[in-house]
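Student: Give the three-dimensional model of this entry:
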Amino acid sequence: MPTIRDLQGRSGNDQGASREIQGEGTGADLVVAYLNAEGVKFVFGVIGSSILDLTDALYRAPSIRYIPTQHEQAAAFMADGYARVTGQPGVCIATVGPGATNLTSGIAQAFVESSPVIALTGDIHTRHYGKGSSNFHEIDQQALYRPITKMSWRVEHPDRLGEFMRMAFRTALSGRRGPVYLGLPRDVLKARMPIEAPPPETYRVLDQRMH
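Tutor: Numbers count the residues shown, from 1 in each chain. Just a heads-up that it's a prediction; the model follows:
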């Protein structure tokens, strides 16, 4: 398992990573395209059924190294530590339900320490959400994360996925830095769409001096 110091040596943003990525793919591919555009080099997490499309997309992205952890809590703390040491966004992923709840200790710590962590979790299919407690691991994850993040949101439509990815990085890295949360329903991750990830300078806050 690499240490934070080992990862720090590989944290520099590649100039090529900010180039616009185009083509067609899935929502998961679009998420990874934004991670690439933002210069993300590492993603920490635990694989689960609701994020299989996302982990498959990460596998197809050689510029990003996925680092599996034994528990989601460790993934969140690693993302927090990475963000603090490097000054770059730390990214962690988890599955729906218990995976999402297990991230919260590390995300709460990132919130207290103003650490720019991006937490991405699976979520209930949009057609099934809110239709009964028998749904697979359903809880209100957006409400769970609201007190411990700068922004907590569930992406309800594939057409807004890019908008929320831009908002997530802009919010985490502007003003007083801190973690953000996005819930990603599996149908949103599987949806086909154009893959366009513009350079971060086109949607970031211009003055980054206030952290």
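
Student: in the chain, what spans have low per-residue confidence?
Tutor: Residue ranges of the chain with pLDDT under 70: 1-22, 128-136, 206-211.

Student: Need the residue closest to the centroid of it.
Tutor: residue 120 (3.8 Å; CA atoms, centre = their mean).

Student: quick one: that residue and residue 31 touch, right?
Tutor: Yes: assessed by CB atoms under 8 Å, residue 120 is found in contact with residue 31 at 7.0 Å. Glycine gets a C-beta too; all of them are placed from N, C-alpha and C.

Student: next one: stretch 30-42 to chain centre, how far?
Tutor: The chain centroid and the centroid of stretch 30-42 are separated by 9 Å, computed with CA atoms, centre = their mean, to the nearest Å.

Student: could I have it exported to CSV, CA atoms only?
Tutor: C-alpha atoms of stretch 30-42 as CSV (Å, rounded to 0.1, in the frame of the first residue of the first chain):
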residue,chain,number,x,y,z
LEU,A,30,-18.1,11.2,-18.1
VAL,A,31,-17.3,11.2,-14.4
VAL,A,32,-13.9,9.7,-15.1
ALA,A,33,-13.4,12.3,-17.9
TYR,A,34,-13.9,15.1,-15.4
LEU,A,35,-11.5,13.4,-12.9
ASN,A,36,-8.9,13.3,-15.7
ALA,A,37,-9.6,17.0,-16.7
GLU,A,38,-9.1,17.9,-13.0
GLY,A,39,-5.7,16.1,-12.9
VAL,A,40,-6.9,13.4,-10.4
LYS,A,41,-4.3,10.7,-10.2
PHE,A,42,-5.7,8.5,-7.4
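
Student: May I see the buried residues of it?
Tutor: 30-42 (16 or more other CB atoms under 10 Å).

Student: can those go into CSV with extra columns for secondary structure and distance to residue 105?
Tutor: CSV is the format used below for these (DSSP: H, G, I helix; E, B strand; the rest coil; distance: CB to CB, whole Å):
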residue, secondary structure, distance to residue 105
30, helix, 29
31, helix, 24
32, helix, 26
33, helix, 30
34, helix, 26
35, helix, 23
36, helix, 29
37, helix, 29
38, coil, 25
39, coil, 27
40, coil, 22
41, coil, 24
42, strand, 20
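
Student: Tabulate those residues (a markdown table), appending distance to residue 189.
Tutor: Below are the buried residues of stretch 30-42 laid out as a markdown table (distance: CB to CB, whole Å):
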| residue | distance to residue 189 |
| --- | --- |
| 30 | 9 |
| 31 | 7 |
| 32 | 10 |
| 33 | 13 |
| 34 | 13 |
| 35 | 14 |
| 36 | 16 |
| 37 | 18 |
| 38 | 18 |
| 39 | 22 |
| 40 | 17 |
| 41 | 22 |
| 42 | 20 |
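
Student: All good on my end, thank you.
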